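A.B. asks: Would you be able to build a 3D model of this:
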Amino acid sequence: MSRKRGALATKEQDIILELYGDNVSVEVIAEKLNRTVGPVKRFLADKSITKFSDSEMTDSGRLRQRLKTRPYWHEVMQHYDKEELEYFVCMWIELMQQFKGDVLATEELEIKEWLTVDILKNRLMRARQDSITEISKIQRQIDIEYAREDEHKNPDYIMSLEAQLNVARAAVSHFTNDQMKLQGQVKDIRKDLKAARSDRIKRVEDGRLSFVGLVKMLEDEETREHAGWEAELLSKAADRARTNFSESHIYDDNRIDNPIFNSDVSERMLKEEYEQDTKNREASVDCGSATTGQESTDNDHTETKET
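C.D. replies: Below you'll find the model as predicted:
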């Protein structure tokens, strides 16, 4: 059966992104689309989508790969220029890292909307700055015209410049109002996602007041790792202190005693005494054997002399 030819349709591109994101091989994807492998590979190369092993890819790399498999990625690529697209990708990765990847589908769409509004806000700010620059240029030109002698002034040209100046000033005001509205939308989204610093501080404070709050606070990976590290450190410190205080100490009044005396200490002391007694007995036996051997040698010498 002959394979389909020509450019990939938008639906086919979406299928490639979805299947490739689910670790389906290029060959299987091409078979499902009734295509050769070449167009599928070229499409993935054009989108800069490459698979790496977990050991080769950083956390940011995995998130970047994940973003390019999302259903809305194709739409995002069509909406923004190169700089805006890179801004979207970087901020999406940082927000995902902030939320530790614990994001539901609706929350992910809120993050996408947040970044969309943020990019629109940036566009308005750039347009506003362009209008301010234009106002400065027009104002300088008006000043030059008014500085001319009366016979060299062009009233119609001056009126045209003033009209342009009023339009530019109105545009600045319009851009400012729109920017404030978008800023309000960003605040609402951030509030819904509980992404503000005050929300993090409140979560920590609530964790100190109740067990449920503590459990919620431990849902954060960094907090959980720090708590585990601190607990392990305290456990090792307690073990070291217990060992030190189980040893004999000389007090200020020259008394020797154990600050901690329990069954473990008693058992250890009895074991040490037993081992010491065993060593002493073995040493006594060795000394006795050596003495007996010396006496036998002396007796032999005496008998030899008498003979």
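A.B. asks: C-alpha only now, for contacts and for neighbours.
C.D. replies: Will do.
A.B. asks: Run through this structure and note the low-pLDDT ranges.
C.D. replies: For the chain, the stretches with pLDDT under 70 are 1, 18, 21-23, 47-59, 101-102, 194-221, 260-263, 265-266, 286-307.
A.B. asks: ranges for the strands of it?
C.D. replies: Secondary structure of the chain by DSSP state E: the strands cover 249-250, 256-257.
A.B. asks: Now render the ones you listed as JSON lines, adding mean neighbour count and distance to residue 241.
C.D. replies: Converted to JSON lines, the strands of the chain look like this (neighbours: other CA atoms under 10 Å; distance: least, CA to CA, whole Å):
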{"stretch": "strand 249-250", "mean neighbour count": "12", "distance to residue 241": "13"}
{"stretch": "strand 256-257", "mean neighbour count": "12", "distance to residue 241": "16"}
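A.B. asks: Is it possible to get JSON lines of the ones you listed that adds distance to residue 183?
C.D. replies: Output for the strands of the chain, formatted as JSON lines (distance: least, CA to CA, whole Å):
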{"stretch": "strand 249-250", "distance to residue 183": "68"}
{"stretch": "strand 256-257", "distance to residue 183": "71"}
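A.B. asks: out of those, nearest to residue 122?
C.D. replies: Closest to residue 122 of the strands of the chain, according to CA to CA: strand 249-250, at 71.0 Å.
A.B. asks: got the contact list for residue 60?
C.D. replies: Residue 60 makes contact with residue 93, according to CA atoms under 8 Å, 6 or more residues apart in numbering.
A.B. asks: What's the local residue count around the residue lying closest to residue 185 once chain neighbours are set aside?
C.D. replies: Of all residues not flanking residue 185 in the chain, residue 117 sits nearest, at 7.5 Å (CA to CA, 6 or more residues apart in numbering). Residues within reach of residue 117, counting by other CA atoms under 10 Å, total 18.
A.B. asks: Right, I'll call it a day here.
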